[in-house]
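In: Here's my sequence, what's the structure:
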Amino acid sequence: MSDESPLIQSLRGAVEAAPEDVPLRLHLAQLLLDAGRAGEAIVEAAAALQRDPNNVQARAMMTRAVGPPPPGPAAAPSPSSGQAPHAPEPGFDWHRAEDEVAGIVEPRFVTGPPDESGAAGTPEVPLAAGGDDDPGATSPWDVESAGGLRLADVGGMREVKERLEAAFLAPLRNPELRKLYGKSLRGGLLLYGPPGCGKTFLARAVAGELGAGFLNVALSDVLDMWVGASERNLSSIFKTARRNAPCVVFLDELDALGGKRSRIQHGGMRNTVNQLLTELDGVGSDNEGVFVLAATNHPWDVDSALRRPGRLDRTLLVLPPDDEARRAVLHYHLRERPVAGVDLERLARRTEGFSGADLAHLCETASEYALMDSVRSGEPRMIGMADLTRAAKELRPSTDAWFATARNVALYANEGGTYDDLLAYLKKRKLL
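Out: All right, here's what the predicted structure looks like:
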């Protein structure tokens, strides 16, 4: 446009060159709004919301742009004009603006259907399916099958398997002994260790051994921006598990979901931790047949109340794969690649301390070396031991940073011997 300022013209060009740059687009919208061009500002704010629906600045910009124009000095109406004192002057097309943002910006107020008198109903608040207020609705949480996965499918990790056997599997397989010794079929186990070492895979294997359903609960499944919604989500998850018992509930990233309440500033998060404690206790419900497995990379950040007897009272360290497990992981990631002359036993010895994710990355890196050589030479070649050895030299275990932090906790905050198994491993690896 000819009357457009050079700054707005420059920003338009920048936005066209980088359409995904939300802050740049919002800056253009602000300038348009300041220039009194609300219609164009709405288009830019809507495009920003389409790319980042939760952007607070974009929502505020949209609210300002679609709101009524600020009142100006009212001119005294002429008695002879016949015009109403506050008649709107022709200007912005509000109906067109609504059509442009439909489906991008949700309406601020949603009212229920009109009652018999024709008046609009009261605002409706959606209820979480499966809750007490909606008993007939289906649950939004999918209880999966373990798909035939067993602990035997997990390579190595003999000590971890023995602890899992004692904690969950033996009581279920021996019901008479369970009754004799009064062993309950409820309980919780906290898996902790460096990232990428197979905690989720182990939880699925436990579900397969039990012949139980598997309910994988991520942080995003629980936390909600609305007050009380997070607690309601947790309640709905555990109700689903009880209806589908036997069921393994796997809580990932427990340090974020059940962090120490003394460090939490937001009251809503404290209420979420309290609700989790209530569900683990099974207050007003029976948790028999509901097995709770939780995983965290930072057990020292988990609220101590979650780890008291009767809740997540058993803790299991999941370490980087041992020699046998590393061979199994390497074999798995190389099984469909063109390899020749690979000595898995020697490679497994060279990758001590690597997590399962590190080993997958090693195989990927070795494949890239062979691929680039094939591109340069024009002839495809096999992935050899030299490629894998080179990748092992260049990559560092991602677990090193975790052990650097865990070492201090194990040395100076080992209350009640919680981290004795971690100390033993650090001594064995000479990391102390």
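In: Report the backbone C-alpha coordinates of the helix or strand hosting Leu316 in PDB.
Out: Using DSSP states H and E, Leu316 sits in strand 314-317. Below are the C-alpha coordinates for strand 314-317, written out as PDB (Å, rounded to 0.1, in the frame of the first residue of the first chain):
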ATOM      1  CA  ARG A 314      10.200 -49.900  46.700                       C
ATOM      2  CA  THR A 315      12.900 -48.300  44.700                       C
ATOM      3  CA  LEU A 316      14.800 -49.900  41.800                       C
ATOM      4  CA  LEU A 317      17.900 -48.600  40.100                       C
END
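In: That strand - which strands sit beside it in the sheet, and in what orientation?
Out: Strand pairing for strand 314-317, determined by DSSP bridges: strand 187-192 (parallel).
In: what about the helix or strand following the partner strand, distance to the chain center?
Out: Once strand 187-192 ends, the next helix or strand along the chain (criterion: DSSP H and E) is helix 199-210. Helix 199-210 sits 19 Å away from the centroid of its parent chain (Cα atoms, centre = their mean, to the nearest Å).
In: what does stretch 281-296 give?
Out: The mean C-alpha position of stretch 281-296 is separated from the chain mean by 21 Å, Cα atoms, centre = their mean.
In: Now do it: distance from first to last residue.
Out: End-to-end span of stretch 281-296 (Cα to Cα, to the nearest Å): 20 Å.
In: same deal with stretch 48-65?
Out: End-to-end for stretch 48-65, by Cα to Cα: 14 Å.
In: Off-centre distance for it?
Out: Here stretch 48-65 is found 23 Å from its chain centre; the criterion is Cα atoms, centre = their mean.
In: quick one: average pLDDT of the helix or strand following the strand holding Leu316?
Out: Heading C-terminal from strand 314-317, the first helix or strand you meet, by DSSP H and E, is helix 323-334. Taken as a whole, helix 323-334 has a mean pLDDT of 92.
In: and if you look at stretch 391-407?
Out: For stretch 391-407, the per-residue pLDDT averages 92.
In: Would you mind writing the CA trace of that stretch as CSV?
Out: What follows is stretch 391-407 as a C-alpha-only set of coordinates in CSV (Å, rounded to 0.1, in the frame of the first residue of the first chain):
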residue,chain,number,x,y,z
ALA,A,391,31.5,-43.9,16.1
ALA,A,392,32.2,-45.4,19.6
LYS,A,393,35.3,-43.2,19.8
GLU,A,394,33.5,-40.0,18.8
LEU,A,395,30.4,-40.4,21.0
ARG,A,396,30.4,-39.9,24.7
PRO,A,397,27.9,-41.7,27.0
SER,A,398,25.0,-39.4,27.7
THR,A,399,24.8,-41.0,31.2
ASP,A,400,28.0,-39.2,32.4
ALA,A,401,26.2,-36.0,33.2
TRP,A,402,23.6,-37.9,35.2
PHE,A,403,26.2,-39.8,37.2
ALA,A,404,28.0,-36.6,38.0
THR,A,405,24.9,-35.3,39.7
ALA,A,406,23.8,-38.6,41.2
ARG,A,407,27.3,-39.0,42.8
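In: What residues of it count as buried?
Out: By 16 or more other Cβ atoms under 10 Å, the buried positions in stretch 391-407 come out as Ala391, Ala392, Pro397, Ser398, Thr399, Trp402, Phe403, Ala406, Arg407. Glycine gets a C-beta too; all of them are placed from N, C-alpha and C.
In: The helix or strand where Ser236 lies: what's the following helix or strand?
Out: Assigning secondary structure by DSSP H and E places Ser236 in helix 229-243. Per DSSP H and E, the first helix or strand lying C-terminal to helix 229-243 is strand 247-251.
In: about what we covered before: now tabulate the buried residues of stretch 391-407 in TSV and tack on distance to Glu279 and secondary structure.
Out: What follows is the buried residues of stretch 391-407, written out as TSV (distance: Cβ to Cβ, whole Å; DSSP: H, G, I helix; E, B strand; the rest coil):
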residue	distance to Glu279	secondary structure
Ala391	45	helix
Ala392	44	helix
Pro397	36	coil
Ser398	33	coil
Thr399	32	helix
Trp402	29	helix
Phe403	33	helix
Ala406	28	helix
Arg407	34	helix
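In: how about these in a markdown table, adding distance to Leu359?
Out: Below are these laid out as a markdown table (distance: Cβ to Cβ, whole Å):
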| residue | distance to Leu359 |
| --- | --- |
| Ala391 | 10 |
| Ala392 | 9 |
| Pro397 | 10 |
| Ser398 | 11 |
| Thr399 | 11 |
| Trp402 | 16 |
| Phe403 | 17 |
| Ala406 | 20 |
| Arg407 | 23 |
